[in-house]
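1. sharing a sequence plus its predicted fold:
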Amino acid sequence: MERPSLEFNLPDTHEEGKLYVVDSLNNLNKLNVCPDESQRSLDEEENTGRTRERMAGSNTRNQRLFFVTFILTLIISLALVSFVIFLILQTRNEVDQISSRLLSEKKNIEELKKINSIILKHLNQSGIKE
């Protein structure tokens, strides 16, 4: 790229005027040489800073969200496991009650069989036939 020549023949002016003209020429030179690149780099630096701040805030929010979700999952899992243990214990108690009832009914049935056999013997001995 060719750079435009910035040499100008300046008329004799006071020192302040010369400084003003030189500053103006420097500003024009900066704008003409790399107007897009310098603006882009400044914008990128600003955007990068903002993006980093946003990402840091987003990361913090994501970590908090993950932590809260993790804690809630643990609490729900603990509640479910406790409920399952409660159901197992209740089922065991019910099975124990049923088995004890079955044993008592078995005894009652055996007693009824004995009584039935005694009645049949008594009837056979007394001579009453069917």
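-> Okay, I see it. Numbers count the residues shown, from 1 in each chain.

2. I'd like to know the average pLDDT value across the biggest helix by length in the chain.
-> Using DSSP state H, we find that the single longest helix of the chain is helix 35-126. Helix 35-126 shows a mean pLDDT of 86.

3. show me what it is packed up against.
-> Of the remaining helices and strands, none touches helix 35-126 by 3 or more CB pairs under 8 Å, 6 or more residues apart in numbering; DSSP states H and E. (Each C-beta comes from the backbone N, C-alpha and C, glycine too.)

4. how about 10 Å then?
-> helix 15-33 (3 or more CB pairs under 10 Å, 6 or more residues apart in numbering; DSSP states H and E).

5. how much space separates L28 from Y20?
-> Computed as CB to CB, to the nearest Å, the L28 to Y20 distance reads 13 Å.

6. do L112 as well
-> 126 Å.

7. cool, E94 as well?
-> E94 is 100 Å from Y20, by CB to CB.

8. ok, now I115?
-> 131 Å.

9. before we move on, what about N62?
-> For N62 relative to Y20 (CB to CB), the value is 53 Å.

10. before I go, just wanted to say thanks for your time.
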